[in-house]
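Asks: predicted model and sequence below, questions to follow.
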Amino acid sequence: MQQDALIAAPEPARIKRVARVLIDSSVPHLDRLFDYEVPASMEQQAVPGIRVKVPFGPQQLAGFIVEILQDHATPMKLRPLAKIVSDQVALYPEVVAAASDIAARYAGTLWDVVRSAVPARAAKVEREELPTTAPVLPQGPNQLELYEHGPQALEAWATGKTLRAVATWAPNVDGFWPKFLLDACRPVLERGKRVLLIVPDARDLKILGGYLDEEYGAESYARLQADDGPTPRYRNYLRAIGGKVQIVIGTRSAALCHVPDLELMIVWQDGDQSHREQRAPYQHSREVALLRSAQADISLLIAAPSRSVEAQRLVATEWAIELKLPRGLLRAHTARVVATTNDFELERDPMLARARIPSVAWREATKALESGPVLVQVARTGFVPAVSCQDCRMLARCTICQGPLHIAGKQSHVACRWCGEQFHDYRCQNCGSPRIRAASIGAERTAEELGLAFPKVAVISSTGAKPVEKVPGKPALIVATPGVEPIAEGGYSAVLLLDADKMLAHDSLRNAEEVLARWFTAASMANSDGVVVLTGNPSPAGASLVRYDPSSFAERELAERREVGLPPAVRSAVISGPGAQRLIAALDVPTRARVHIHGPTVTDGPPIEHRYVLFFSYADGHEVTTALRHLRSSMSAAKDPLVNIAIDPDSVL
């Protein structure tokens, strides 16, 4: 009877060739590879990295072959591949490995990472014959030789050694910032190897591309940017992965691009929020570059006029060396910085700190306009973006929708920014006063005021809605909001940084760091004989600008965050959505892992959502993100309420 009960299990079927496919799906519980039989008719074409169509339930899904298994034994009956979409290898093994680690770090799905790295296919481009071009490299001294540890970095990159560095770029040494980045690339390019440069946004990419067009030739590089359209983007992608060029530039999606013989990655302005992917899993291009650098032993340079706290942490832990100009050279090449709140100026004018455009700013602007343009950086766009009561100072709100009130122009009435309702005789809801005042002055109102004060000088306004790229090096007043300051030929004679107090007043963990970065970006546009005037009350950020020492502020911020246990001294996660409460209740991490859970914060419904903030150490990071990832996957399979997980977001507070 026992022998009769022992029924031999069926022998696993052996299949000659099996393709493991990453399917086009962001569903968490489908985040794995699926096996398909390779039909005999596709044996020659089916190789890792190509695009395919596969049957999945009642439908066909797109995907990539990640791996081919030979003579594979499986107890399951496998369905065959439906179609090979293209013979072009588009997804490479090292990209899959890096994307897998990124998905694990950010508790996301592999497909979500891969789709941001590999652009959509343009079939006709694959039939084109793409030429191979090499840049004609300039000769002459390299400005990095002037930086502390610069010769060490250049020697390492010239000999193929891996070296990681964080650089504080100083203006007016030898050209604009693209020249600095390409000087860093020269030792690698001279040996025939390749470089990858990542910038925050389309504006910076255009500036970098314009420099390469003039100095290296329009065909010397590949540019990866979604705004170029599917066909040009895919063409440049094939040039990059095919080794047709030595220089690849792009925005955040290019950080995972496969580049043969890649020896140096550069991330410019890593503190800019544009470096973070806007779709799940919200990876940051700096962290992608760090991971690729460690995984594939690639040199890395993080550079900016300022210093992010994350970059300072790399220096503090000696993971990267620091490149900066000696103080003597720095003072010789940077503009003089004047704070309107220094003791001398306050003694001359006690009301200086309260004035939006203090007398010292007027004096410096008047003097600078004799020789060149003056940049005026303001916090907000618009005419009067916000109004308040003249008597009780309460912000004016719409009586219909409670939206903020503003004045759109000189001839406009007070109106609601949300519903558009106009108020011809508005009265304060708090005290009933009919008198209003400007709570904030926008770029348009500032331009009007300056036009009246300097009637013989041209006034140019540059905002996000109407950006200006370049201005000539002749006297003019340029009023700009942060991020869209035009480039001036020969640099600005003066830079006025207005609304400092309003910029620093935002309640955010990273606000001071981000504001300081905007100030340094604007200050770097002044020529070495120019002056930078900072208005507002004294602050640590302002003191750092006056000393022209962004690393000291970043070091201070890092020390304070270590003391109170805030990022980037620790890692963080924000859990939100209808299923957040259920996920936190089921979260199980090792007892030794120190996970501090704060919350919930309940959002205004309906529907009611909960938000939790988690803090944990770098040592526990893998276990925590793995637990979050697996839990969300199981909740997805059970069709539980949706939950959103953001790991190491730009701001948790």
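Replies: Arrived safely, thanks for sending.

Asks: so which elements touch the top strand by length along the chain?
Replies: For the chain, the strand that runs over the most residues, judged by DSSP state E, is strand 59-74. Taking 3 or more CB pairs under 8 Å, 6 or more residues apart in numbering; DSSP states H and E as contact, the helices and strands that strand 59-74 lies on are strand 13-23, strand 34-37, strand 51-56. Where you see a C-beta, it was placed from the backbone N, CA and C, and this is true even at glycine.

Asks: again, only using 10 Å
Replies: Taking 3 or more CB pairs under 10 Å, 6 or more residues apart in numbering; DSSP states H and E as the contact definition, the neighbouring helices and strands of strand 59-74 are strand 13-23, strand 34-37, strand 51-56, strand 83-84, helix 93-105, helix 110-117.

Asks: as CSV, could you dump the C-alpha coordinates of the last one?
Replies: Output of helix 110-117 as CSV, limited to C-alpha atoms (Å, rounded to 0.1, in the frame of the first residue of the first chain):
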residue,chain,number,x,y,z
LEU,A,110,12.1,47.5,-11.8
TRP,A,111,9.9,48.5,-14.7
ASP,A,112,9.4,51.9,-13.4
VAL,A,113,13.1,52.5,-13.3
VAL,A,114,13.8,50.9,-16.7
ARG,A,115,11.1,52.9,-18.5
SER,A,116,12.8,56.2,-17.4
ALA,A,117,16.1,55.0,-18.7
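
Asks: what about this protein, any weak spots by pLDDT?
Replies: Along the chain, segments meeting pLDDT under 70 span 1-13, 342-356, 381-385, 410-411, 439-442, 591-593, 603-608, 653.

Asks: what's the angle between the longest helix seen in it and helix 93-105?
Replies: Ranked by residue count, the top helix of the chain under DSSP state H comes out as helix 621-637. Using axes from the mean of the first three to the mean of the last three CA atoms, to 10 degrees, the inter-axis angle of helix 621-637 relative to helix 93-105 is 80 degrees.

Asks: next one: helix 621-637 to chain centre, how far?
Replies: Computed by CA atoms, centre = their mean, to the nearest Å, the separation of helix 621-637 from the middle of its chain amounts to 25 Å.

Asks: hang on, the earlier thing: tell me which of the helices and strands packed on strand 59-74 lies nearest to residue 623.
Replies: Of all the helices and strands packed on strand 59-74, it is helix 93-105 that lies closest to residue 623, at 10.8 Å by CB to CB.

Asks: what's the angle from that closest one to helix 110-117?
Replies: For the pair helix 93-105 and helix 110-117, the angle between their directions (the same axes, to 10 degrees) equals 120 degrees.

Asks: rewinding a little: can you list the buried residues in the longest helix of the chain?
Replies: Neighbour-count burial for helix 621-637 flags 621, 624, 625, 627, 628, 629, 631, 632, 633, 635, 636 (criterion: 16 or more other CB atoms under 10 Å).

Asks: and if you look at stretch 185-204?
Replies: By neighbour count on 16+ other CB under 10 Å, the buried set for stretch 185-204 is 185-189, 193-201, 204.

Asks: and the end-to-end length of it?
Replies: End-to-end distance of stretch 185-204: 18 Å, with CA to CA, to the nearest Å as the criterion.

Asks: for stretch 244-257, same thing?
Replies: Stretch 244-257 has its terminal residues 14 Å apart, counting by CA to CA.

Asks: centre of the chain versus it, how much separation?
Replies: Taking mean C-alpha positions (CA atoms, centre = their mean), stretch 244-257 and its chain are 15 Å apart.

Asks: going forward, the N-terminal residue is numbered 421.
Replies: Sure thing, new numbering starts at 421, so read that last one as stretch 664-677.

Asks: among the buried residues of stretch 605-624, name the ones in strands.
Replies: Per DSSP E, the subset of the buried residues of stretch 605-624 in strands is 614, 615, 616, 617, 618.

Asks: what comes up buried for stretch 691-703?
Replies: Under the neighbour-count criterion of 16+ other CB under 10 Å, stretch 691-703 has 691, 692, 694, 695, 696, 697, 700, 701, 702, 703 buried.

Asks: not counting sequence-adjacent ones, nearest residue to the first one?
Replies: Which is residue 691. Excluding its sequence neighbours, the residue lying closest to residue 691 (CB to CB, 6 or more residues apart in numbering) is residue 728, at 3.6 Å.

Asks: for residue 709, see how far away that neighbour is.
Replies: Relative to residue 709, residue 728 is positioned 13 Å away (criterion: CB to CB, to the nearest Å).

Asks: got it, and residue 563?
Replies: Between residue 563 and residue 709 the distance is 22 Å, computed by CB to CB.

Asks: the more surrounded of those two?
Replies: Here residue 563 and residue 709 are compared on neighbour count by other CB atoms under 10 Å; more neighbours surround residue 709, at 24 against 18.

Asks: if we can go back for a sec, so what sits against both of residue 728 and residue 709?
Replies: Between them, residue 728 and residue 709 share the neighbouring residues 690, 695, 722, with contact defined by CB atoms under 10 Å, 6 or more residues apart in numbering.

Asks: quick check, central residue of the protein?
Replies: residue 695 (1.3 Å; CA atoms, centre = their mean).

Asks: ok, now which ones touch that residue?
Replies: Residue 695 makes contact with 618-621, 671-672, 675, 687-689, 703-709, 728, 1070, according to CB under 10 Å, 6+ apart.

Asks: switch to 8 Å and redo it
Replies: Going by CB atoms under 8 Å, 6 or more residues apart in numbering, residue 695 touches 618, 620, 672, 687, 689, 704, 705, 706.

Asks: in strands only, show me those.
Replies: The strands in this structure, assigned by DSSP E, contain 618, 687 from the contacts of residue 695.

Asks: between the contacts of residue 695, which is closest to residue 745?
Replies: For those, the closest approach to residue 745 (CB to CB) belongs to residue 689, at 18.0 Å.

Asks: can you tell me how far that closest one sits from residue 920?
Replies: As for residue 689, its distance to residue 920 is 21 Å (criterion: CB to CB).

Asks: could you do residue 464 as well?
Replies: Taken as CB to CB, the spacing of residue 464 relative to residue 920 amounts to 66 Å.

Asks: likewise for residue 809?
Replies: Where residue 920 is concerned, residue 809 sits at a distance of 24 Å (CB to CB).

Asks: cool, and residue 642?
Replies: For residue 642 relative to residue 920 (CB to CB), the value is 40 Å.
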